[in-house]
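*Asks:* Sequence below, structure please.
(chains A, B, C and D)
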2 protein chains.
Amino acid sequence: MNLSKRQKSILVFIADYVKDHNYPPTIREIGTACEISSTSVVKYNLSKLERDELIVRHKEVSRGLSLNWSRLQAVGLANELANAPAANGNANRNRDRSSRQFFQVPVLGRIAAGEPIQVETADRSAADEWLELNESLFRNPAGLFALRVQGESMIDASVLDGDIVILRHQERAENGEMVAAWIDGQNETTLKHFYLEGDQVRLRPANPTYPEMFLPAKQVSVQGKVVSVIRQLE
Amino acid sequence: MNLSKRQKSILVFIADYVKDHNYPPTIREIGTACEISSTSVVKYNLSKLERDELIVRHKEVSRGLSLNWSRLQAVGLANELANAPAANGNANRNRDRSSRQFFQVPVLGRIAAGEPIQVETADRSAADEWLELNESLFRNPAGLFALRVQGESMIDASVLDGDIVILRHQERAENGEMVAAWIDGQNETTLKHFYLEGDQVRLRPANPTYPEMFLPAKQVSVQGKVVSVIRQLE
DNA sequence: AGCATACAAGAACATCTGTGCGGTGTCAAA
DNA sequence: TTTGACACCGCACAGATGTTCTTGTATGCT
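*Replies:* Modelled structure (predicted):
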């Protein structure tokens, strides 16, 4: 399943168009946007995309097409499309909640003290579980991943067994950010507020009744920044 | 702005249709579904809905209409429409993630120990803030509302200052459920696991290092069940 | 009564829009 | 060289779809 440049640009345009209008574009609109002069060529490419199941089409229905997000996700195009270029020009009239956006975040595994977390950005597509989230909660879905907390080991971060922690992948942290950090000496991953003080790192739990930790900087490696914690009880 | 039965059924149909197809219906489809024989009558009613800003319409564009969710929200129709009837019959082919759903939850105020929480279901429309959430996280958006946690008073429930607690309004709780409860004697609202034991209520904090409470049942009044906790750090 | 307004029908009309078909150029396999 | 798949172009056709016009029935107000 190899997408041509044109086909990719068609996908981008559709995502963008739907975001702006809340309904899909026509073949001619796609043609104009993607600089395809002939409607039949658009149809040709749409058929290809349909064969690849990246879009769903309804015969003889005007604007009868939609993106197949779960398939796009699998192919790794979803994020790219979800981040489609901002609304252009005339499109700020309907810029209310109805122009909703969402995206999926891979749940890459579990986090528990004593286990390192594995975050090869490469194997995102191999994630066994995906979380669907709203744009409204996150500025930018790039680099986000999620971990399920196992056990009570993160309780000093006010994170309980079963909670889902959403992180943004990064290896450096600003002071005060809550990060997932691997601590060499103690062989554990933990969620703490991060403060670099000289060549020492201070790790402050979210729950102030738990003690802080002081460690040599080189002993602490940041896995990602915690951007959200979600607890489902139902 | 008084909606006729027909106009309401049109809104319901549009919401339902979009949910199933990912694109809006035509005037004739609306007509058939709502038992309107004439396209002009559909147009007439759509114009009314457009005047009321409940929908957005694009002239001379096929299927060029969309629901204005923020307006529907304000009028209190959003939940009703978001819960639109399940896909009917033929519509289970495109039943993947692309048929996404979302809904808004009113943030009714703050929760802090020492303050009662005000939850008149009536004034949902008066909420100053709304939270947009995914259907995927909640079975049923009915009766949901949100509170912003103020202060450190809920820390024994592993809920921090600034967290958002999502509750389902109910006045009775099953054993083990985490509830928001008002405690008469102590004049405070708290989040705890609820256990009715005879005519005593046992309240267990989420964080096991905090002590349990035992109180006479009549002293505890449940405000709602906690269904989710969301912490945003970015 | 007289009149304005809301709601509804049906049919004709004018676009909008997807589809089909003939044709072109490239490239690799036969 | 021939063949066929692939990508592309224009164009005309037909069906899909929004709009407009005329007519009709209530309802409420003066």
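
*Asks:* which helix of chain A spans the most residues?
*Replies:* Determined from DSSP state H, the single longest helix within chain A is helix A:5-21.

*Asks:* Could you pick out the residues of chain A near DNA strand C for me?
*Replies:* Contact residues, chain A versus DNA strand C (Cβ under 7 Å from any atom of the strand): A:26-29, A:38-40, A:43, A:57, A:59-64. All C-beta atoms are positioned from the backbone trio N, CA, C, and that covers glycine.

*Asks:* the helices in chain A, which residues?
*Replies:* Using DSSP H, helices in chain A cover A:5-21, A:27-33, A:39-51, A:69-75, A:78-82.

*Asks:* Could I get those helices in TSV, plus columns for mean neighbour count?
*Replies:* Formatted as TSV, the helices of chain A follow (neighbours: other Cβ atoms under 10 Å in any protein chain shown):
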stretch	mean neighbour count
helix A:5-21	20
helix A:27-33	18
helix A:39-51	16
helix A:69-75	19
helix A:78-82	19
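
*Asks:* need the ones you listed in TSV with mean pLDDT, can you?
*Replies:* Listed next are those as TSV, based on pLDDT from 0 to 100:
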stretch	mean pLDDT
helix A:5-21	90
helix A:27-33	93
helix A:39-51	93
helix A:69-75	77
helix A:78-82	71
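
*Asks:* Run the chain-centre distance for stretch A:212-228.
*Replies:* 22 Å (Cα atoms, centre = their mean, to the nearest Å).

*Asks:* In that stretch, which residues are buried?
*Replies:* Buried residues in stretch A:212-228, counted by 16 or more other Cβ atoms under 10 Å in any protein chain shown: A:213, A:215, A:220, A:222-228.

*Asks:* which residues pair with residue A:105 across the strands?
*Replies:* Beta-bridge partners of residue A:105, counted by DSSP bridges, are residue A:131.

*Asks:* Distance of it relative to chain B?
*Replies:* Separation of residue A:105 from chain B (Cβ to the nearest Cβ, to the nearest Å): 11 Å.

*Asks:* my guess is that residue contacts residue A:146, does it?
*Replies:* Yes - Residue A:105 is in contact with residue A:146 according to Cβ atoms under 8 Å; the separation is 5.0 Å.

*Asks:* Touching both of these two, which residues are there?
*Replies:* In terms of Cβ atoms under 8 Å, 6 or more residues apart in numbering or on different chains, residue A:105 and residue A:146 are both contacted by the residues A:131, A:166.

*Asks:* excluding its backbone neighbours, what's nearest the spatially most distant residue from the centre of chain A?
*Replies:* Here the centre of chain A is the reference, and by Cα atoms, centre = their mean the most remote residue is residue A:38, at 35.7 Å. Spatial nearest neighbour of residue A:38, chain neighbours left out: residue A:31 (7.1 Å); criterion: Cβ to Cβ, 6 or more residues apart in numbering or on different chains.

*Asks:* quick one on the thing from earlier: I'd like to know which elements the longest helix of chain A is packed against.
*Replies:* Helix A:5-21 sits against helix A:27-33, helix A:39-51, strand A:65-67, helix A:78-82, with contacts defined as 3 or more Cβ pairs under 8 Å, 6 or more residues apart in numbering or on different chains; DSSP states H and E.

*Asks:* hang on, the earlier thing: how much space separates the residue farthest from the centre of chain A from residue B:216?
*Replies:* According to Cβ to Cβ, to the nearest Å, residue A:38 stands 79 Å off from residue B:216.

*Asks:* Equivalent analysis for residue A:116, please.
*Replies:* Noted for residue A:116: a distance of 49 Å to residue B:216, by Cβ to Cβ.

*Asks:* Show me how the record splits chain A into domains.
*Replies:* As assigned by automatic domain parsing, chain A contains the domains A:5-92, A:102-230.

*Asks:* With distance to residue B:233 as added columns, please give those domains in CSV.
*Replies:* Compiled in CSV, the domains of chain A are given as follows (distance: least, Cβ to Cβ, whole Å):
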stretch, distance to residue B:233
domain A:5-92, 21
domain A:102-230, 5
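
*Asks:* Any idea which of the ones you listed gets closest to residue B:162?
*Replies:* Taking Cβ to Cβ, domain A:102-230 is the member of these nearest to residue B:162, at 10.8 Å.

*Asks:* what distance separates the closest one from the middle of the whole chain?
*Replies:* On Cα atoms, centre = their mean, the centre of domain A:102-230 falls 15 Å from the chain's centre.

*Asks:* before we move on, back to that, tell me the pLDDT at the residue farthest from the centre of chain A?
*Replies:* We have a pLDDT of 93 for residue A:38.

*Asks:* Isn't it up against residue A:28?
*Replies:* No - using Cβ under 8 Å, residue A:38 is not in contact with residue A:28, being 10.0 Å away.

*Asks:* Could you list the low-confidence segments of chain A?
*Replies:* Applying pLDDT under 70 to chain A picks out residues A:79, A:82-103, A:118-128, A:135-136, A:139, A:141.

*Asks:* Go again with 50.
*Replies:* A:86-100, A:121-122 (pLDDT under 50).

*Asks:* any idea which strand is longest in it?
*Replies:* Using DSSP state E to define each element, chain A has its longest strand at strand A:220-232.

*Asks:* strand partners of that one, parallel vs antiparallel please.
*Replies:* Using DSSP bridges, the strands paired with strand A:220-232 are strand A:164-169 (antiparallel), strand A:178-183 (antiparallel), strand B:220-232 (antiparallel).

*Asks:* Determine which of the ones you listed approaches DNA strand D most closely.
*Replies:* Closest of the strands paired with strand A:220-232 to DNA strand D is strand A:164-169, at 34.4 Å (criterion: Cβ to the nearest atom of the strand).

*Asks:* Mind listing residues that contact that closest one?
*Replies:* Applying Cβ under 8 Å, 6+ apart, the contact partners of strand A:164-169 are A:105, A:107, A:111, A:119, A:121, A:131, A:133, A:138, A:142-149, A:154, A:159, A:180, A:191, A:223-232, B:234.

*Asks:* Mind listing what's buried along that strand?
*Replies:* Neighbour-count burial for strand A:164-169, counted by 16+ other Cβ under 10 Å, picks out A:164-169.

*Asks:* Surely the residue nearest to residue A:38 and residue A:40 touch.
*Replies:* No - using Cβ under 8 Å, residue A:31 makes no contact with residue A:40, being 9.5 Å away.
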